[in-house]
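1. Need coordinates for the below:
(4 chains)
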There are 2 protein chains.
Amino acid sequence: MTPQAIKVACSNCNLRELCMPMGLSDGDLGKLDELVTLRRRIKRGSALFSNGDKFSALYAIRVGFFKTCVTTEGGRDQVTGFQMAGEIMGLDGIVGDRHTCDAVALEDAEVCVMPYDRIEDLSRDVPALQTHVHRIMSREIVRHHGVMLLLGSMRAEERLAAFLLNLVQRLQARGFSSSELVLRMTREEIGSYLGLKLETVSRTFSKFAEEGIVEVKQRHVRILSSDALRAIVNTPSWA
Amino acid sequence: MTPQAIKVACSNCNLRELCMPMGLSDGDLGKLDELVTLRRRIKRGSALFSNGDKFSALYAIRVGFFKTCVTTEGGRDQVTGFQMAGEIMGLDGIVGDRHTCDAVALEDAEVCVMPYDRIEDLSRDVPALQTHVHRIMSREIVRHHGVMLLLGSMRAEERLAAFLLNLVQRLQARGFSSSELVLRMTREEIGSYLGLKLETVSRTFSKFAEEGIVEVKQRHVRILSSDALRAIVNTPSWA
DNA sequence: CGACCGTTTGATAGTGCTCAATTCAAGTGG
DNA sequence: CCACTTGAATTGAGCACTATCAAACGGTCG
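-> Prediction:
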């Protein structure tokens, strides 16, 4: 077995605690290796899949950072999420056999391709995988509830604070610093995700910086007081 | 077989085109009847399940109308959706084995209880059911993308127009009028869902009425021009 | 019939948006 | 190597939209 082949296997992947294999026994984990038939590289700025594309597989991010966004005929545009290593993309395509959003790489990336029909077959044989697939989809639904809370009831500062806390929390789970991060997206993309204009995002960053909560130099952000951020999120303006 | 027993069966349910049995063959449909072990009545104002409750089943609405909402420690509150006959509730509970939102009946209701472990077992035997469960979850994810678009990029009029169109479209699929409807929720609940205050919802209704787009008498709404509503949604204010 | 909850409507204030100018970082080509 | 171009980020001023506070109205159900 070549080193190359070893690297493909889920059982040896350093993301196995976060990604598809999460919670599977060693025995089941071996079967999962049949699932990932292919890896695909996506250059920064290009799409892994786009609205209207035929749905055929789910994708696990190995390296890189993505945004997903929906667009309407009317030209309305909305970033629906940012995805990082170990996270699963493509669930939107199951219901109508076509993707309904775009998945765009914000930096050079690599994904594991998991053909959907194989997932269905394999999860009939491996109950733990079946459960896990359900969990992944349920987690996405619960995540959306959080986003609705954010978009529906928070003000600009609260939204940005929640956004930063969410990002560092996910980065920390991947072994990165919980106080320092490099944003992979523009102010406009952050704004779209948070339901704000880019100027408002920029101003809010500046405000946080003035208050000594964060240091911001372009896309480099250092969080000086995550407690302050948490207080902003947990203490609604009307309280 | 008593008439009572006949009514329980999915195979005889008048919602089978919309609900869990959708797209299943007659043979598979018979197996589905094992799934629904119990029906449960919920009085108006009380909860089918609440945040923190142990997750054990998914629920299909037979009659009635629900809202789902999430609440934070900080006292923030957000309606995440309104559900009507034939729709599935409880998917949020899968990931953490506990429900993360409340499902409250907005009128006297009745649901079919589908124990989750049976769903998992049965969908291993019935591939069509497995696919269908995945589709239901995927549909929920795609629906959330639409809500994000609404909350993230629309103004009050656009949100309310989109809300009304969505409601009548779902009601029409259930055989109701596509121009007349009775709102089962308060202005405050509509506002929470749309990220607006109740006064803004009320004012926007009045504005639509002045413009001759709808007739509004309390919770009775008659849509006079769904084209006008569509135009409001499809033509962003900045266009 | 009366009390109460939900709704409507008005006046005012605040938050975030729009338009616009400037700064900054990183390439690109002479 | 530096002037130039380009895209992103910052900052300012004025305004539009929605929230807030407050009062009056109406329907529903004990």
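2. Let's verify residue A:209: helix, strand, or coil?
-> helix (DSSP: H, G, I helix; E, B strand; the rest coil).
3. Provide a list of residues in contact with it.
-> Each residue near residue A:209 by Cβ atoms under 8 Å, 6 or more residues apart in numbering or on different chains is listed here: A:215-216. Quick note: C-beta positions are derived from backbone N, CA and C, even for glycine.
4. mind redoing it with 10 Å?
-> A:215-217, A:221-222, A:224 (Cβ atoms under 10 Å, 6 or more residues apart in numbering or on different chains).
5. Now flag whichever of those is closest to residue A:29.
-> residue A:221 (36.1 Å; Cβ to Cβ).
6. Produce a ChimeraX select command limited to the buried residues of the contacts of residue A:209.
-> Applying 16 or more other Cβ atoms under 10 Å in any protein chain shown to the contacts of residue A:209, the buried members can be selected in ChimeraX as follows:
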select /A:221
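7. now the helix or strand residue A:189 falls within: mean pLDDT?
-> According to DSSP states H and E, residue A:189 maps onto helix A:187-194. The average pLDDT within helix A:187-194 is 98.
8. Among the contacts of residue A:209, which has the minimum pLDDT value?
-> Within the contacts of residue A:209, pLDDT reaches its minimum at residue A:217, with 93.
9. quick one: that residue from residue A:82, how far?
-> In this view, residue A:217 and residue A:82 are 20 Å apart by Cβ to Cβ, to the nearest Å.
10. Over to residue A:121?
-> For residue A:121, the distance to residue A:82 - Cβ to Cβ - is 31 Å.
11. Quick check on these two: which one has the bigger neighbour count.
-> A count of neighbours by other Cβ atoms under 10 Å in any protein chain shown puts residue A:82 above the other of residue A:121 and residue A:82, at 21 against 15.
12. The more buried one in helix, strand or coil?
-> strand.
13. Please list all residues in contact with it.
-> A:65-68, A:106, A:163, A:166-167, A:170, A:183-185, A:189-190, A:193.
14. what separates it from residue A:185, distance-wise?
-> 6 Å.
15. and the residue nearest to residue A:41 when sequence neighbours are not counted, how many residues sit next to it?
-> Take residue A:41 and drop its neighbours on the chain: the residue closest to it by Cβ to Cβ, 6 or more residues apart in numbering or on different chains is residue A:110, 5.2 Å away. Applying other Cβ under 10 Å, we find 14 residues neighbouring residue A:110.
16. quick one: the residue positioned nearest the centre of chain A from residue B:193, how far?
-> Geometric centre of chain A, nearest residue: residue A:83, 1.9 Å, by Cα atoms, centre = their mean. Counting by Cβ to Cβ, the gap from residue A:83 to residue B:193 is 26 Å.
17. Also residue A:191?
-> The gap separating residue A:191 from residue B:193 is 23 Å, by Cβ to Cβ.
18. thinking again about what came up before, which residue packs closest to the residue nearest to the centre of chain A, ignoring adjacent ones?
-> residue A:66 (4.4 Å).
19. same for the host helix or strand of that neighbour, what does it pack against?
-> Per DSSP H and E, residue A:66 falls inside strand A:65-71. For strand A:65-71, the packing partners by 3 or more Cβ pairs under 10 Å, 6 or more residues apart in numbering or on different chains; DSSP states H and E come out as strand A:47-49, strand A:77-84, strand A:102-105, strand A:109-115, helix A:187-194, helix B:127-153.
20. Report the distance from that strand to the chain centre.
-> 9 Å (Cα atoms, centre = their mean, to the nearest Å).
21. That strand: which residues count as buried?
-> Buried residues in strand A:65-71, defined by neighbour count with 16+ other Cβ under 10 Å: A:65-70.
22. Equivalent analysis for stretch A:140-155, please.
-> Those would be A:140-142, A:144-154, for stretch A:140-155 by 16+ other Cβ under 10 Å.
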